[in-house]
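A.B. asks: Let's see this in three dimensions:
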Amino acid sequence: MFERVLILSASAGAGHIRAAQAMEKAFTSLSAAADLRNVDTLEYTNKLFQKLYSKAYIEMVDKAPDVLGWIHDYFDKPWEKQKRRLAFDKLNSGPFIKMLKEYQPDLAVCTHFLPAELISWLKQKRRITTRQAIIITDYDLHAFWLCRNFEHYFVAIEETKQHLQYLGVPPEKITVSGIPIDPIFAENKDKAEMRKKHGLHPDLPAILLSAGGFGVGPTDVIIESLAKMRNKAQLIAICGKNEEMKSKLETLSKKLPPSSNLKIIPVGYTTRMDEYMSAADILLGKPGGLTSSEALAKGLPIVIVRPIQGQEERNSDHLLEEGAAIRCNNIPVLGFKIDSLLSDPQRLALMRKNARRIARPLAALQIVKKLLELQNL
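C.D. replies: Here you go, the predicted model:
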């Protein structure tokens, strides 16, 4: 058992936070820490820096994805721009550095690169002796994740391990674990029971859309395309806390022509995403590392729409290579693409099989177990 464990994320997109929550659950379930804290690093930075990291990021995803893609590629040069970025982050992270020095954790588990590079710098300066584990929350490696001072990397796939080795990271310091998701996604839940529980049609194909996030695309165009499907289907649209989106979908549902084969079911904020995934046949949306890993754990084929340029483009490549996803580049033909998939049961079954083959639903627990082993070395 560790005495003091600090799980560190950053609220720039929901995935890093969800990975940290999954790690918190895993540490708790295995009683692996006497004192466990889960911290959003951005809460220990100044307000302007917080806005730059979170709000500006989300606005770029939604309104300027080309700019975000350029930034991603510009900074993806191993070690080249590290000193400049670190200087900027240090300047804005004084409260975070102070908290680290005061708490002095035995272990820091980072699901975002911001705290990882700050801890690496503090270790180099011998201001803390914290052991550091870094969990990369996408399938591909970006230069942002590279640190000089750490104890272990946890990565999603073997290819990422090979990339780290090429850049000089010793293989014994890398574990291919998968991306940590809530262990609840490992539970096998009956499709018919989940459909009955959530008021879904027992027999209609179910398409799960995460509509409450950002950057998925113009909702009315998506609905217009799906409304022309030949196959009857139900669209479970998860709107989260986006009440405006939920209201819009309810309005669009009422405007569907009588001839449409689509039934729209808007859902507000829910903590039962694992159950909706268990009830669904297809996941429609963007391939974030966490969402993709959750879908794979449930054996859900993924229909990719408008991935964020950069990391989600690379996640797409991995999912497409493994045969667990298809991609729609033109939203007006989205209905056609899904129709083609639903009309080919053998292909759909193969995609389900591929999804389960590459899934790692217990990654969070396996990471904690590995960290406990490393503690005893």
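A.B. asks: Distance check, Pro205 against Gln346.
C.D. replies: Taking C-beta to C-beta, to the nearest Å as the measure, Pro205 and Gln346 are separated by 15 Å. The C-beta positions use only the backbone N, C-alpha and C, and glycine is treated the same way.
A.B. asks: Show me which of the two is the more surrounded one.
C.D. replies: Pro205 (18 against 7; other C-beta atoms under 10 Å).
A.B. asks: The more buried one contacts Leu284, doesn't it?
C.D. replies: No. Applying C-beta atoms under 8 Å as the test, Pro205 and Leu284 come out as separate, 11.7 Å apart.
A.B. asks: Need the three-state assignment for the nearest residue to Pro65 once chain neighbours are set aside.
C.D. replies: For Pro65, the nearest residue in space outside its immediate sequence neighbours is Gln309; the separation is 5.2 Å by C-beta to C-beta, 6 or more residues apart in numbering. Here Gln309 takes the coil state, with states given by DSSP: H, G, I helix; E, B strand; the rest coil.
A.B. asks: where in the stretch 51-200 of the chain is pLDDT low?
C.D. replies: Counting by pLDDT under 70, the ranges of the stretch 51-200 of the chain that qualify are 55-58, 61-62, 64.
A.B. asks: and Gly285, how many neighbours?
C.D. replies: Summarising burial for Gly285: neighbours were counted as other C-beta under 10 Å, giving 24.
A.B. asks: Tell me the bridge partners for it.
C.D. replies: Ile304 (DSSP bridges).
A.B. asks: Hmm, it is touching Pro307, no?
C.D. replies: No. The pair formed by Gly285 and Pro307 falls short of the contact definition of C-beta under 8 Å, at 9.4 Å.
A.B. asks: Around Gly15, how many other residues sit close by?
C.D. replies: As a burial measure, the neighbour count of Gly15 was computed by other C-beta under 10 Å and equals 22.
A.B. asks: Doesn't Gln234 lie inside a strand?
C.D. replies: Yes. When three-state DSSP is applied, Gln234 is found to be in a strand.
A.B. asks: which element is the nearest residue to Pro171 once chain neighbours are set aside on?
C.D. replies: In space, Pro171 comes closest to Gln165 once its chain neighbours are excluded; the distance is 5.5 Å by C-beta to C-beta, 6+ apart. Per DSSP states H and E, Gln165 falls inside helix 158-166.
A.B. asks: Could you point out the helix or strand that follows that helix?
C.D. replies: Next in line after helix 158-166, if elements are assigned by DSSP H and E, sits strand 174-176.
A.B. asks: immediately after that following strand, which helix or strand?
C.D. replies: The C-terminal neighbour of strand 174-176 among helices and strands, as given by DSSP H and E, is helix 191-197.
A.B. asks: Dump stretch 112-132 to CSV, restricted to CA.
C.D. replies: Listed next in CSV are the C-alpha coordinates belonging to stretch 112-132 (Å, rounded to 0.1, in the frame of the first residue of the first chain):
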residue,chain,number,x,y,z
HIS,A,112,-2.6,14.7,-18.3
PHE,A,113,0.7,15.9,-19.5
LEU,A,114,0.6,19.3,-17.7
PRO,A,115,1.2,17.9,-14.2
ALA,A,116,3.6,15.3,-15.5
GLU,A,117,6.0,17.8,-16.9
LEU,A,118,5.9,20.0,-13.8
ILE,A,119,6.6,17.0,-11.6
SER,A,120,9.4,15.9,-13.8
TRP,A,121,11.0,19.4,-13.5
LEU,A,122,10.6,19.3,-9.7
LYS,A,123,12.2,15.9,-9.5
GLN,A,124,15.1,17.1,-11.6
LYS,A,125,15.6,20.1,-9.2
ARG,A,126,15.4,17.6,-6.2
ARG,A,127,12.5,19.6,-4.7
ILE,A,128,10.3,16.5,-4.4
THR,A,129,11.0,12.8,-4.3
THR,A,130,7.6,11.7,-5.6
ARG,A,131,7.5,8.7,-7.8
GLN,A,132,5.7,9.5,-11.0
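A.B. asks: I am finished for the moment; much appreciated.
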